[in-house]
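# coords please:
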Amino acid sequence: MAAATVATVPLATADFKSDDGTPNFRSLGRLSAAVNRKIEPFGAAFLAHARRKRHGRTFSEDDRIQALARVKKTEDDDGGEISEPEDALMLQREAKDWKGQDHYAVLGLSKYRYKATDDQIKKAHRKKVLRHHPDKKAAAGQVDSDSFFKCIQRAHEILSDPVRRRQFDSVDEAADVEPPSKKEAQKAFFKKWRPFFESEARFSNRTPVPLLGDENSTKEEVEQFYDFWYEFDSWRSFEYLDEDVPDDNADRDHKRHIEKKNRNARAKRKTEDTKRLRHDAATVQQVDAVLDDVDKVLGVVDADGLAKLVDELKIAGSDSDKVKAVFVATVTDLTAAGKVKEADVKVFKS
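Take a look at the predicted model:
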């Protein structure tokens, strides 16, 4: 280390005055004596300098290698939690079409969607930024557009904002579960319908949400389920699909027209969504009532009556009207025999 150099700096005299002659300085003491201290280079800048010297790298080469190392570290820390293949078409998206993009897919969170935590969103954003940052690509000699990077930033901007994320979740069709077809429900009624109601439950303002039970559910549980879903209180909104409102500088009449148009469109979608859910609940209740009537019939019919019922059902085949007619006739016979009360039957009434 070079020898320390002692600099002698005299204090201003007591009668020191500024240029305009005003005395604005008064000496209060003396400088302390010089101290010989050992100074060592330290910090990120020095470590980067030492690393470049050691490996003989230029600034750009070192930046590129460090960026790749950060990406690898992020992926290793991920442990597969937020990793998924990147679709080639998605990478070519135009940033201006951000409203039509799947924000969860952009960040690699397709399998989580509305269940993704804030921490997962933060980690996923960091991972994508490290991989697709324009500076990192430029350092690697790639001349790609920064359009997808802007898509990443937009996705993070929306999903990290609770209000805007809710708006997107409201119209995220990829998270919806379609109701089963009639054929699917016939094979496994409860198993096929349960995921549908579990998916719709995420929109409920009220908790806990009663979900579809099974053949062992009590009458009270069944009634509670249908009462809840027929009067479902949903927070689902449709602002995300609004038409863009012009700036404040635009024609005010046109702006009011667009705002009114958006309000009407949101109200219409809300009404349609409520009707859709009630229709599905009614479908389930109707099938549930049929199953309940079938259980009542099978619970009281004797061996001869059961054999007759089976033969007639074989003849009816898959024709729903004929099947219903067979059960209606059977219920009529059981009612006449006093084995079933007509008031207890919901569907198979004569």
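# show me how the record splits the chain into domains.
According to automatic domain parsing, the chain comprises the domains 55-171, 176-285, 301-344.
# and of those, who's closest to V294?
With Cβ to Cβ as the criterion, V294 lies closest to domain 301-344 of the domains of the chain, at 7.1 Å. C-betas here are computed from N, CA, C, even on glycine.
# how confident was the prediction at A2?
pLDDT, A2: 54.
# can we start the residue count at 31 from this point?
Happy to do that; since the first residue is 31 now, the last one works out to A32.
# verify the stated contact: D199 with Y144.
Yes: taking Cβ atoms under 8 Å as the definition, D199 is a contact partner of Y144 at 4.7 Å.
# between those two, which contacts overlap?
The contact sets of D199 and Y144 overlap at 205, 232 (Cβ atoms under 8 Å, 6 or more residues apart in numbering).
# and the two? which has more neighbours close in?
D199 (20 against 16; other Cβ atoms under 10 Å).
# that one: what secondary structure?
Assigned with DSSP: H, G, I helix; E, B strand; the rest coil, D199 falls in the helix class.
# pull the contacting residues for it.
143-144, 205, 232.
# among those, which ones are buried?
143-144, 232 (16 or more other Cβ atoms under 10 Å).
# could you point out the longest helix in this structure?
Identified as the longest helix of the chain according to DSSP state H is helix 282-330.
# so how far is that helix off the chain centroid?
Relative to the centre of its chain, helix 282-330 is centred 23 Å away, using Cα atoms, centre = their mean, to the nearest Å.
# pLDDT on it, on average?
87.
# cool, stretch 360-367 as well?
79.
# swap in stretch 197-209?
The model assigns stretch 197-209 a mean pLDDT of 94.
# check stretch 220-234 too.
93.
# for that stretch, output the C-alpha coordinates as CSV.
Extracted C-alpha coordinates of stretch 220-234, given in CSV (Å, rounded to 0.1, in the frame of the first residue of the first chain):
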residue,chain,number,x,y,z
PHE,A,220,-72.2,-36.2,-8.0
LYS,A,221,-68.7,-36.7,-9.3
LYS,A,222,-69.3,-34.8,-12.5
TRP,A,223,-71.3,-31.9,-11.1
ARG,A,224,-69.2,-31.2,-7.9
PRO,A,225,-66.2,-29.6,-9.8
PHE,A,226,-68.6,-27.1,-11.5
PHE,A,227,-70.0,-25.8,-8.2
GLU,A,228,-66.5,-25.7,-6.6
SER,A,229,-65.4,-23.5,-9.5
GLU,A,230,-68.4,-21.2,-9.2
ALA,A,231,-67.9,-20.9,-5.5
ARG,A,232,-64.9,-18.6,-5.9
PHE,A,233,-67.3,-15.7,-6.9
SER,A,234,-69.4,-15.9,-3.7
